[in-house]
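Novice: Coordinates only, no sequence provided:
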């Protein structure tokens with residue numbers, strides 16, 4: 001069962017994950033060989049998954065399927081992104097660091113055709129380099145963001161293969177990136193990078209460049225630099241090495257996406273290959289603090305959508321699916337997040353693919369919320385084929401409690417659902433620990 005990397009040793013990188021229907025699609029660049037000593041990328045790939053754990057190769061786009069057909073030994077199939085409109089799918093791709101093209105198809109995996117027979121974004125259109133497209137959708141409109149060092153955005157036309165307006169530059173205040181303090185680098189002092197991506201959470205728009213990001217209350221900015229999602233605390237199991245020349249915050253081309261009420265960051269990693277030219281894709285959970293900043297992600301081999309009971313506590317905020325509850329920062333001074341349910345609401349979180357449960361006889365549950373609030377708690381298999389534990393929790397005067405329940409016999413691999421109905425206030429689940 002895959003954790004991180006999600007598709008091991010295949011050179012699948014620069015991941016942009018989109019949810020279409022009930023499936024996650026990973027639109028990726030493809031490093032050709034573990035022996036690469038430069039960026040050798042001869043095609044683009046799509047992989048699909050129903051659970052972020054099991055992935056299948058679904059489509060390959062060759063340069064010969066685009067306006068690049070006939071290009072001699074083309075090996076600059078750089079980053080991509082995809083979008084849907086009116087039942088048609090559009091896959092935007094980088095021709096190295098120079099131009100952006102687009103293909104269209106009837107499904108998220110093609111078959112693909114090139115409607116323009118020419119680049120969508122050509123050299124000379126703006127003052128930046130035209131590559132690393134990211135697509136942002138809102139209110140029925142689609143926008144494309146792109147560039148290196150300076151980022152530009154433009155609304156796409158109704159046909160999705162033209163621009164509805166001239167690109168405009170996105171301004172970022174106090175920007176920082178992997179090169180900002182890189183003494184001796186030819187890019188020393190640069191505030192950003194390439195790899196721009198846009199997403200929204202609540203009232204804030206997030207403009208990211210790899211692991212670094214800025215926020216704004218308006219899509220077109222101005223944006224204010226807020227931080228980096230990777231720091232020393234991101235590597236509890238030591239995956240900060242091997243890494244890029246400027247450290248583990250460099251090179252993290254990726255995308256943010258949400259599914260079933262959870263948010264994720266998919267990004268490049270080289271800790272397993274040791275080769276910056278043969279990259280893997282990792283996925284980590286994303287937790288938004290109450291002030292809009294993002295808590296440092298955890299970079300590990302467990303990944304997402306699966307859990308290892310032998311490692312101890314399972315953080316409730318790392319659920320796969322949530323209904324009737326929301327993830328909240330418990331204390332603005334810490335990065336402890338709970339899944340909070342409100343008075344009278346039936347809350348539910350799902351944890352598929354929990355490994356190492358054979359022999360477990362009890363489960364401890366950490367809870368937090370309104371002082372003296374209570375909740376009935378039920379654990380069952382994901383298939384809802386029977387209760388495996390049931391009890392009631394009462395929060396103390398500080399709004400905290402631990403509940404230990406006996407569990408029915410479990411298989412080594414189980415998918416568990418936790419349900420609770422708060423009374424007298426809000427009750428959130430903080431963690432689970434099987435013994």
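Specialist: Perfect, I can see it now. Quick caveat, the model's predicted, so the values are computed rather than measured. Numbering: from 1, shown residues only.
Novice: okay, the closest residue to residue 36 other than its chain neighbours: pLDDT?
Specialist: Of all residues not flanking residue 36 in the chain, residue 277 sits nearest, at 3.8 Å (Cβ to Cβ, 6 or more residues apart in numbering). The way it works is simple: take the backbone N, C-alpha and C, and place the C-beta from them, glycine included. The per-residue pLDDT reported for residue 277 equals 98.
Novice: pretty sure residue 277 contacts residue 37?
Specialist: Yes: if you go by Cβ atoms under 8 Å, residue 277 and residue 37 touch, sitting 6.3 Å apart.
Novice: Nearest to the spatial middle of the chain, which residue is it?
Specialist: Among the residues of the chain, residue 265 comes closest to the average C-alpha position under Cα atoms, centre = their mean, at 2.2 Å.
Novice: How is the protein divided into domains?
Specialist: Domain assignment for the chain by automatic domain parsing gives 12-305, 308-434.
Novice: How far away from the center of its chain is the first one?
Specialist: In terms of Cα atoms, centre = their mean, to the nearest Å, the gap separating the centre of domain 12-305 from the centre of its chain is 10 Å.
Novice: List the residues that contact the closest residue to residue 345 other than its chain neighbours.
Specialist: Ranked by Cβ to Cβ, 6+ apart and with sequence neighbours excluded, the top spatial neighbour of residue 345 is residue 324, at 5.0 Å. Shown in contact with residue 324 (Cβ atoms under 8 Å, 6 or more residues apart in numbering): 341, 345-348.
Novice: Residue 122 too?
Specialist: Residue 122 is in contact with 99, 130, counting by Cβ under 8 Å, 6+ apart.
Novice: What separation is there between it and residue 287?
Specialist: According to Cβ to Cβ, to the nearest Å, residue 122 and residue 287 sit 40 Å apart.
Novice: So what are the sheet partners of the strand or helix carrying residue 94 and their directions?
Specialist: Applying DSSP states H and E as the criterion places residue 94 in strand 88-95. Neighbouring strands of strand 88-95 in its sheet, by DSSP bridges, are strand 77-85 (antiparallel), strand 99-105 (antiparallel).
Novice: Which positions in stretch 53-73 come out as buried?
Specialist: Neighbour-count burial for stretch 53-73, counted by 16 or more other Cβ atoms under 10 Å, picks out 53, 55, 58-59, 61, 63, 65-68.
Novice: What of stretch 93-113?
Specialist: By 16+ other Cβ under 10 Å, the buried positions in stretch 93-113 come out as 93-95, 99-105, 107-110, 112.
Novice: So residue 180 is in contact with residue 193, correct?
Specialist: No: judged on Cβ under 8 Å, residue 180 makes no contact with residue 193 at a distance of 9.7 Å.
Novice: more neighbours, these two?
Specialist: Neighbours were counted for residue 180 and for residue 193 using other Cβ atoms under 10 Å; residue 193 has more, 26 against 18.
Novice: phi, psi of that one?
Specialist: Phi and psi for residue 193, reported as degrees, to the nearest 10, are phi -170, psi -150.
Novice: can you pull the contacts of it?
Specialist: By Cβ under 8 Å, 6+ apart, the contact list for residue 193 reads 148-149, 177-179, 209-210, 212.
Novice: same question, residue 286
Specialist: With Cβ under 8 Å, 6+ apart, residue 286 has these contacts: 229, 256, 263-265, 294, 297.
Novice: Return the set of buried residues in stretch 418-431.
Specialist: Buried residues in stretch 418-431, defined by neighbour count with 16+ other Cβ under 10 Å: 418-422, 424-431.
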